[in-house]
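Student: Next input, structure requested:
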Amino acid sequence: MWGNNEGFGGDFDGGADAGGGGGFMNTTSQFGTPGGAKKERRTQNILSTTIRTIQECQEDTFTVDGMEINMVCLVGIIRSVDISSTKISYVLHDHTGLIDVLRYPDGDAEETNANEALAEGVYAKVYGPVRSHQEKRHIIGFRVEQIEDPNWITTHILEVIHQNLKLKKLADGSMGNGNVPILANSSIMSGPSVPGGSGNSDKDLVYSIIARGANSDIGMSKMAIKSALQGRLTGDKVDRLMEELSSDGSIYTTVDDEHFMAIESN
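Tutor: Numbering: from 1, shown residues only. Below is the predicted model of the structure:
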């Protein structure tokens, strides 16, 4: 597809040389350490990056320019597929490196997983957190989708390069500590249900409200979410379900801890 032996090699490699980064919300949190040690910054949102950037990171957690990244977006070619009764394992290649992507679909039937799996040789977009096992990094694929339009590849490359520059400005402190314009990942597609399926109708309902209700880059406030669900779910239950959605990476905070977006927001 689209000459995938060469694909987007040259320019994409250049983006990786720059360190990679894109499609992220630039809100950060700072955590103090005993004795006034250096503070660690973390972004809880999605970063478009490259496999080489992930593999070359020497930290225990995935960091870019000193900022810990919670979720990444990758684009590449699926080089191999392995299907079992519990998961689908892909090897993704983006012309900067190779990485394993593990996808855990609903159900436990190998036949069901085979029907959901993408084929070898197609371009795919992957969303998920970076994990490590036995000193080898891999991606938990919350969402793995085939790319039908080559323009999405170009968009991803531009996001990697552009957002790398933004990360460097944040690292240098040149953008200040206040609220600054936010860039959401432009290629996230909308969807009403929790990625991977939660099997919990109340949880799906909360997710759907956040996914459909976030009509700006700052997302939807917790107060607005509770208001939309008033009469259906108690405030305490909404808090608990939102905590679960945040823990599994389905939703994330934006400008502060009270505003949220879904990974598949409109």
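Student: in the stretch 1-150 of the chain, which spans are helices?
Tutor: Here the stretch 1-150 of the chain has its helices, by DSSP state H, counting those that start in this stretch, at 9-17, 51-56, 110-116.
Student: rank these by pLDDT, which is bottom?
Tutor: Of all those, mean pLDDT reaches its minimum on helix 9-17 (a mean of 44).
Student: Now Asp256. Its backbone dihedrals?
Tutor: Main-chain dihedrals, Asp256, degrees, to the nearest 10: phi -160, psi -170.
Student: Tally up the residues packed near it, please.
Tutor: Counted with other C-beta atoms under 10 Å, residues neighbouring Asp256 total 13. (C-beta placed from N, C-alpha, C; glycine too.)
Student: what separates it from Ala117, distance-wise?
Tutor: Here the criterion is C-beta to C-beta, to the nearest Å. By it, Asp256 lies 39 Å from Ala117.
Student: What are the neighbouring residues in contact with Met242?
Tutor: Val206, Lys222, Ile225, Ile251, Phe260 (C-beta atoms under 8 Å, 6 or more residues apart in numbering).
Student: Out of those, the closest to Lys166 would be?
Tutor: Phe260 (21.5 Å; C-beta to C-beta).
Student: so which helix or strand takes in the closest one?
Tutor: Assigned by DSSP states H and E, Phe260 falls within strand 259-262.
Student: Sheet partners, orientation included, of that strand?
Tutor: Within its sheet, strand 259-262 is paired with strand 220-221 (antiparallel), strand 251-253 (antiparallel), according to DSSP bridges.
Student: Run a quick neighbour tally on Asn164.
Tutor: Neighbours of Asn164 (other C-beta under 10 Å): 25.
Student: buried residues in the longest helix along the chain?
Tutor: Counting by DSSP state H, the longest helix found in the chain is helix 151-172. Using 16 or more other C-beta atoms under 10 Å as the test for burial, helix 151-172 gives 152-153, 155-164, 166-168, 170.
Student: do stretch 221-238 as well
Tutor: So stretch 221-238, judged by 16+ other C-beta under 10 Å, has buried residues Ser221, Lys222, Ala224, Ile225, Lys226, Ala228, Leu229, Leu233, Val238.
Student: Tell me where the stretch 1-150 of the chain has strands.
Tutor: Remark: strands assigned in the stretch 1-150 of the chain by DSSP state E, counting those that start in this stretch are 29-33, 37-48, 63-64, 67-83, 88-93, 98-103, 123-128, 130-133, 136-140, 143-146.
Student: Most tightly packed of those?
Tutor: A comparison of these by mean neighbour count, using mean count of other C-beta atoms under 10 Å, puts strand 123-128 on top with a mean of 23.
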